[in-house]
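Participant: Only the shape, not the letters, is given here:
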């Protein structure tokens, strides 16, 4: 009984993992596009004010179960990965 | 023109942040439920084989722009946060 329950819950988690992956990559594509526009404008890609504002929005919306510090930690990793992607694009652009 | 474009992209990113937050927290609720079942069964919450299998599934599905190593890194942070939530629940259960 409980193992069947576990299997159902696990397959739901698998489904959510897939949705998260898709969203994270879609977000990354947008971030790349933003990077390309900033590149043309000669604007710095890293914008700590914008990052703080995104985090504050998320913390305001958060109603758990993850705590604020966990939400902040996970999203900082996602933001950092996005910035690294922009930096890779920048390096590739320089090599063209 | 380009600033308007940036604003549109940024509001899409904000929307996706919100969706990610919701999914991450829904996933966390499932993980808590799994933790409660395992608690009753007296089974260890941390299951490295299951974690590796989830990561392999994700890496198979990943078609970028994030690289495999980035996907693995972000999801390991999400998994770790879920495990910490289960451990908190366990500690609270012991205090009842």
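Facilitator: Thanks, I have it. This is a predicted model, so every value here is computed, not measured.

Participant: Run the contact check for stretch A:87-96 versus chain B.
Facilitator: No: using C-beta under 8 Å from any C-beta of the partner chain, stretch A:87-96 stays clear of chain B, coming no nearer than 8.9 Å. C-beta here means a position set from N, CA and C on the backbone, and glycine is covered the same way.

Participant: Quick one: distance of that stretch to the chain centre.
Facilitator: 21 Å (C-alpha atoms, centre = their mean, to the nearest Å).

Participant: Now do that stretch: everything it contacts.
Facilitator: With contacts defined as C-beta atoms under 8 Å, 6 or more residues apart in numbering or on different chains, stretch A:87-96 is touched by A:32, A:35-36, A:39, A:45.

Participant: From those, which land in helices?
Facilitator: A:32, A:35-36, A:39 (DSSP state H).

Participant: Out of the residues you listed, which are close to chain B?
Facilitator: The residues of those that also fall near chain B, by C-beta under 8 Å from any C-beta, are residue A:32.

Participant: now the most centrally placed residue in chain A: how far from residue A:55?
Facilitator: Taking C-alpha atoms, centre = their mean, the centroid of chain A lies closest to residue A:78, which sits 3.5 Å from it. Per C-beta to C-beta, to the nearest Å, residue A:78 is found 11 Å from residue A:55.

Participant: List just the nearest of the contacts of stretch A:87-96 to residue B:83.
Facilitator: Ranked by distance to residue B:83 (C-beta to C-beta), the contacts of stretch A:87-96 are led by residue A:32 at 31.4 Å.

Participant: What about the closest one, how many residues nearby?
Facilitator: 15 (other C-beta atoms under 10 Å in any protein chain shown).

Participant: Same check on residue A:92?
Facilitator: Neighbourhood size, residue A:92 [other C-beta under 10 Å]: 9.

Participant: Same check on residue A:80?
Facilitator: Residue A:80: 15 neighbours (other C-beta under 10 Å).

Participant: For the helix or strand harbouring residue A:57, the averaged confidence score.
Facilitator: Residue A:57 is part of helix A:48-61, with elements assigned from DSSP states H and E. Helix A:48-61 carries an average pLDDT of 97.
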